[in-house]
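Peer 1: Kindly return the folded structure for what I paste below:
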Amino acid sequence: MNPSTVTFFPDNITITATPGESLLTVATRAEISIPTGCMVGSCNACEVEMNGEDVRGCITAIPDVETITIYLFNDPSW
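Peer 2: This is a model prediction of the structure:
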């Protein structure tokens, strides 16, 4: 597996990640805060858009693809 290049928007922060690594771990390493609630994917507090698909950050691993684009949602209640 080759490392993936992950870019977080709107902050435009790019970091290298290992496929299979937790999305929340990668975000923390990039100094990006993704809100969490239940940590099992049911509350949607950690929902982000990854390569055009809505995913829950707390239960999502980095896929084995070369480039990943993540858009963070802004929910003031979290």
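
Peer 1: Let me see the ranges of the helices in this structure.
Peer 2: 23-29 (DSSP state H).

Peer 1: Now do the most centrally placed residue in it against residue 17, distance only.
Peer 2: For the chain, the residue nearest the mean C-alpha position is residue 23 (4.3 Å; Cα atoms, centre = their mean). With distances taken as Cβ to Cβ, to the nearest Å, residue 23 is found 8 Å from residue 17. Placement of C-beta: from N, CA and C, glycine included.

Peer 1: pretty sure residue 9 contacts residue 68?
Peer 2: No: counting by Cβ atoms under 8 Å, residue 9 stays clear of residue 68, with 11.2 Å between them.

Peer 1: From the neighbour counts alone, determine which of the two ranks first.
Peer 2: Under the neighbour definition other Cβ atoms under 10 Å, residue 9 and residue 68 were set side by side, and residue 68 has more, 20 against 12.

Peer 1: How about the more buried one, nearest residue that isn't a chain neighbour?
Peer 2: Excluding the flanking residues, the one nearest residue 68 by Cβ to Cβ, 6 or more residues apart in numbering is residue 6, at 4.5 Å.

Peer 1: Give me the pLDDT for the one you found.
Peer 2: Per-residue confidence at residue 6 stands at 98 (pLDDT).

Peer 1: what's the answer for the one 10 residues further on, then?
Peer 2: At residue 16, the model reports a pLDDT of 98.

Peer 1: For the closest residue to residue 21 other than its chain neighbours, list the residues it contacts.
Peer 2: Sequence neighbours aside, residue 62 is the residue nearest to residue 21 in space, at 4.8 Å (criterion: Cβ to Cβ, 6+ apart). Contact analysis of residue 62 by Cβ atoms under 8 Å, 6 or more residues apart in numbering lists 4, 6, 17, 18, 19, 20, 21, 22, 23, 26, 68.

Peer 1: Repeat that for residue 27.
Peer 2: Per Cβ under 8 Å, 6+ apart, neighbours of residue 27: 8, 33, 34, 57, 70.
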